[in-house]
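Q: need a structure here:
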Amino acid sequence: MGKRRRAATPVGEELISPVNSLDDGCLMHIFSFLSPIPDRYNTALVCHRWRFLACHPRLWLRVERPIRDVMEPGVYPNLEAAVSAARPGDTILIAAGGTHVASNIQIKKPICIIGGGELPDDTVLTCSRGSDNALEFLSTCKIANLTIRAELGCCLLHRSGKLTIQECLLQCEQNPLDYLSFPIISTAIEYNSFPSLKEQGHGVTVVRTRIEGGAKAVRTNGTLTLQHVRAIYSRSSVFFWFEVGEK
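A: Down below sits the predicted model:
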């Protein structure tokens, strides 16, 4: 991702160098969050395309803790810096391991944020006490495979656009003021002064996401309401599917 790879080769030929040691299984796991893969596609063709995309220096931004002083293009020390550098349509991959700080990060452009681990627990964003939220969305975005923890406040604040939350873990810390904590808050309203956003609509879609703590799983203001709620109970947790939108 930092160095330019050679041009794509026809299906069946092998790329000379690996993509940052990512094998086909890892690439397929990451890209499964971006879009479903139709069964009619040949597996070799799909893996080849994933490799080509992963090699492209402008399609991926990575958040990693710097091991040395050398700066690598496309790699940022924290999520806020990556969001600031991202262009509409970019994907930010957050390295697994450890805890990343996310406090009042405002996102005004359509991007995708993905955790780089096998499970959501492998990539943790923490919103410290004193912050209103971890991430604030004012555009259509998607987050996947992340754990987001808020000590007091909310994990995700949705103001406009369509937000998709897929296979995440949202946690609000248990404390005497937990009635002020909400994993998801949506303040989107039907009317918006920007015609493009009004035509686009607003809403939140939650897919296979664990929600723990807080007074309620989601709080809505304005004209949006909770719809199509489904939950599956397992031995250790509950997985939720629901939508927040216009009736």
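
Q: could you tell me the end-to-end distance of stretch 84-94?
A: End-to-end distance for stretch 84-94, by Cα to Cα, to the nearest Å: 15 Å.

Q: ends of stretch 97-109, how far apart?
A: Note: stretch 97-109 ends 27 Å apart using Cα to Cα.

Q: go through that stretch and flag the buried ones.
A: For stretch 97-109, burial by neighbour count (16 or more other Cβ atoms under 10 Å) applies to 100, 102-103, 105, 107. In this view, the C-beta of every residue, glycine as well, is placed from N, C-alpha and C.

Q: can you add distance to Ser234 and secondary structure and give the residues you listed back as CSV?
A: Below are the buried residues of stretch 97-109 laid out as CSV (distance: Cβ to Cβ, whole Å; DSSP: H, G, I helix; E, B strand; the rest coil):
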residue, distance to Ser234, secondary structure
His100, 27, strand
Ala102, 27, coil
Ser103, 31, coil
Ile105, 31, strand
Ile107, 31, strand
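
Q: quick one: these as JSON lines, columns for distance to Phe137 and pLDDT too.
A: As requested, these are exported to JSON lines (distance: Cβ to Cβ, whole Å; pLDDT from 0 to 100):
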{"residue": "His100", "distance to Phe137": "17", "pLDDT": "92"}
{"residue": "Ala102", "distance to Phe137": "12", "pLDDT": "94"}
{"residue": "Ser103", "distance to Phe137": "15", "pLDDT": "93"}
{"residue": "Ile105", "distance to Phe137": "10", "pLDDT": "96"}
{"residue": "Ile107", "distance to Phe137": "5", "pLDDT": "97"}
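
Q: helices along this structure, start to end?
A: 24-31, 43-55, 79-85, 195-200 (DSSP state H).

Q: quick one: terminal-to-terminal distance for stretch 92-110?
A: Start-to-end, stretch 92-110 (Cα to Cα) is 11 Å.

Q: where does pLDDT dip in this structure?
A: Scanning the chain with the threshold set as pLDDT under 70 gives 1-59, 66-70, 174-179, 190-200.

Q: kindly report the domain assignment for it.
A: Residue ranges for each domain of the chain read 7-56, 58-245, as given by automatic domain parsing.

Q: rewinding a little: and which of the buried residues of stretch 97-109 is nearest Arg62?
A: His100 (11.9 Å; Cβ to Cβ).

Q: count the neighbours of the closest residue in space to that closest one that isn't next to it in sequence for me.
A: Spatial nearest neighbour of His100, excluding adjacent residues (Cβ to Cβ, 6 or more residues apart in numbering): Leu125 at 5.2 Å. The local packing of Leu125 (other Cβ atoms under 10 Å) involves 25 other residues.

Q: cool, Ile189 as well?
A: Neighbours of Ile189 (other Cβ under 10 Å): 13.

Q: surely it meets Thr223?
A: Yes - using Cβ atoms under 8 Å, Ile189 is in contact with Thr223, at 5.6 Å.
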